[in-house]
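Colleague: Mind looking at a prediction? Sequence and model below.
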Amino acid sequence: MSDWQDKLRQKLSEPKPGRDAHDKMSSLKRQDETPFEIPATARKAAVLILLKEEEDSLVFPLIQRPSYDGVHSGQMAFPGGKYDDTDEDLIETALRECYEEIGVSVERNKVLGTLSDIYIPPSNMHVVPVVANYSDVFQYNIDEYEVDKVVEASISQLQDINNHKEHIVDLDNGVKFKTPAFDVYGHTVWGATAMMLSELLMIIEKI
């Protein structure tokens, strides 16, 4: 196991920045509407942040959701989804969903830890971001019902201030608001995904 994996595993076992990191990439509207404690009635889910060492950075797959009649239509996200009663735990949820959505199988011993839990008000989701490492070539078998495309991003790309932007969210009910976002090859990454990445970046910068 390489040095960064050991260090990241250790950092993920320690107290994490949580909301301090999340708020750096969330809108004022989101900050006002998000409770400090996740509601007990929230539905549980997990996503997988799959890091692969490549040259001088770490790369990871993001997915673009298909367009549909729902709150997360067309958005950039991590592979992931709802907890199933047959799942051992939310780590298994993240690994299973990654395989089902993009065809990448990840062994449980590759999991380094988890980021802070995050609440997504529009869908009433309590999400656990699971972090794992991957050493093989990414080969995708996409579930076209769940995924429109896979986009590989890198930590160094997100650390570049030139890829930080302001995004205008235009909701179906006519409400508009501004939110911080990352630009990944022309794709806008905002909302919960950007908030999770903000925490990951903050942790990696301390390694």
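Modeller: Happy to help now that I have it. For clarity, every value in this text was computed on a predicted model and none was experimentally measured.
Colleague: switch to C-alpha atoms for all contacts and neighbour counts from now on
Modeller: OK.
Colleague: what stretches of the protein score poorly on pLDDT?
Modeller: Along the chain, segments meeting pLDDT under 70 span 1-2, 68-73.
Colleague: if you set the cut-off to 90 instead, what comes out?
Modeller: 1-3, 29, 33, 55-56, 66-74, 121-123, 169-176 (pLDDT under 90).
Colleague: As a quick check, tell me the outermost residue of it.
Modeller: residue 174 (26.8 Å; C-alpha atoms, centre = their mean).
Colleague: Tell me the buried residues in the helix or strand containing residue 9?
Modeller: When elements are assigned from DSSP states H and E, residue 9 belongs to helix 3-12. Residues 5, 8, 9, 11, 12 are the ones in helix 3-12 that count as buried (16 or more other C-alpha atoms under 10 Å).
Colleague: Which strands or helices does the biggest strand by length in the chain pack on?
Modeller: In the chain, taking DSSP state E as the definition, the longest strand is strand 43-54. Judged by 3 or more C-alpha pairs under 8 Å, 6 or more residues apart in numbering; DSSP states H and E, strand 43-54 is in contact with strand 57-64, strand 80-82, helix 90-102, strand 125-133.
Colleague: Who are the packing partners of the first one?
Modeller: Right, the one you point to is strand 57-64. Partner elements for strand 57-64 (3+ C-alpha pairs under 8 Å, 6+ apart): strand 43-54, strand 76-77, strand 149-154, helix 155-159.
Colleague: same check, this time on the longest one
Modeller: Other helices and strands packing on helix 90-102, by 3+ C-alpha pairs under 8 Å, 6+ apart, are strand 43-54, strand 80-82, strand 125-133.
Colleague: Export the ones you listed to JSON lines and append columns for distance to residue 148 and mean neighbour count.
Modeller: Listed next are these as JSON lines, based on distance: least, C-alpha to C-alpha, whole Å; neighbours: other C-alpha atoms under 10 Å:
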{"stretch": "strand 43-54", "distance to residue 148": "17", "mean neighbour count": "22"}
{"stretch": "strand 80-82", "distance to residue 148": "14", "mean neighbour count": "22"}
{"stretch": "strand 125-133", "distance to residue 148": "21", "mean neighbour count": "23"}
